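> what follows is a protein structure lacking sequence information:
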């Protein structure tokens, strides 16, 4: 955590520069104030409509956590099996490559047809979007395990369960966590799009409704929340990676 805090002052400089440029552009009147709100106008949205913003943010967060968690518990075991057994890999590789190319956004109409308007289509779309980065990263992690470890396990007549849980899973963990970072980002992007069409709450719905009632300040506030929460997701997973994978030489910098 201390290392994360040390990175903050430098990392915030581009954001401060962007904020200054935004304020200057608003003051210069390049665009109408009705279309291009100033930073202070957006800040007033946070102060005046805080409970509303919090409610929509929590709705989106809940969907992402549920969807990505479902993707994790389904993709990681399947990835371990595909990476471990070559026959299963040959059987499923073509299917995986086809389905992972499908954009989750294109499946929104089908999700609404099958699950209606509400939580189910949004969660299923997040699961679908987050599943493939986790699956591919898990397979890659298993393939990267040193063959020597597997040879020793074979000589020792270790069971398949032991090989999967005590050898492959720990050694593939860094790659799995990298996949989790990608899945969390993909899930967060997907929920915003899904909420614009399939549900009546969340940041995506809030932004779309703000556009309909001509509230650009609320639109920008929603966009800022999306970016901040996405950054928080990524940083939390990086901290978890540093703690869980300290054994991997070179992954975690010396304190």
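Now that the structure is in, tell me what you want to look at. Since the model is a prediction, treat every value here as computed from it, not as a measurement.
> switch to C-alpha atoms for all contacts and neighbour counts from now on
Will do.
> for residue 38, which non-adjacent residue is spatially closest?
Using C-alpha to C-alpha, 6 or more residues apart in numbering and skipping residues adjacent in sequence, the residue nearest residue 38 is residue 26, 5.4 Å away.
> look up phi and psi at the one you found.
The main-chain torsion angles of residue 26 are listed as degrees, to the nearest 10 and equal phi -70, psi -40.
> contact partners for the residue most central in space within the chain?
Among the residues of the chain, the smallest C-alpha distance to the mean C-alpha position (C-alpha atoms, centre = their mean) belongs to residue 184, namely 1.5 Å. If a contact means C-alpha atoms under 8 Å, 6 or more residues apart in numbering, then residue 184 has 64, 68, 130, 233-234 as its contacts.
> show me which of those residues is closest to residue 78.
Residue 78 lies nearest to residue 130 out of the contacts of residue 184, by C-alpha to C-alpha, at 13.9 Å.
> leaving out sequence neighbours, find the closest residue to that closest one.
Counting by C-alpha to C-alpha, 6+ apart, residue 183 is the residue found nearest to residue 130 once chain neighbours are left out, at 4.2 Å.
> wait, doesn't that neighbour sit right on residue 135?
No. In terms of C-alpha atoms under 8 Å, residue 183 does not count as a neighbour of residue 135; the distance is 9.8 Å.
> show me where pLDDT drops low in the chain?
Applying pLDDT under 70 to the chain flags residues 1-9, 11, 32-33, 146, 148-160, 162, 166, 246-255.
> could you identify the longest helix within it?
If each helix of the chain is counted by residues according to DSSP state H, the longest one is helix 50-84.
> okay, and the residue nearest to the centre of the chain sits in which element?
Under the assignment given by DSSP states H and E, the secondary-structure element containing residue 184 is helix 169-195.
> compute the inter-axis angle for that helix and helix 50-84.
In this structure, helix 169-195 runs at an angle of 140 degrees to helix 50-84, with axes from the mean of the first three to the mean of the last three C-alpha atoms, to 10 degrees as the basis.
> can you give me how far helix 169-195 is from the chain middle?
From the chain centre to the centre of helix 169-195 is a distance of 5 Å (C-alpha atoms, centre = their mean, to the nearest Å).
> after it comes which helix or strand?
Reading on from helix 169-195 to the C-terminus, the next helix or strand found by DSSP H and E is helix 203-212.
> what does that following helix contact?
When contacts are taken as C-alpha under 8 Å, 6+ apart, the neighbours of helix 203-212 outside the stretch itself are 53, 56-57, 59-60, 191-197, 199, 216, 218-219, 222-223, 226.
> can you do 10 Å?
Applying C-alpha atoms under 10 Å, 6 or more residues apart in numbering, the external contacts of helix 203-212 come out as 52-61, 189-201, 214-223, 225-226.
> one more: stretch 95-105?
Under the criterion C-alpha under 10 Å, 6+ apart, residues 89, 111, 124-133, 135-136, 186-187, 189-191, 193-194 lie in contact with stretch 95-105.
> how close does residue 192 sit to residue 59?
Relative to residue 59, residue 192 is positioned 11 Å away (C-alpha to C-alpha, to the nearest Å).
> done for today, thanks.
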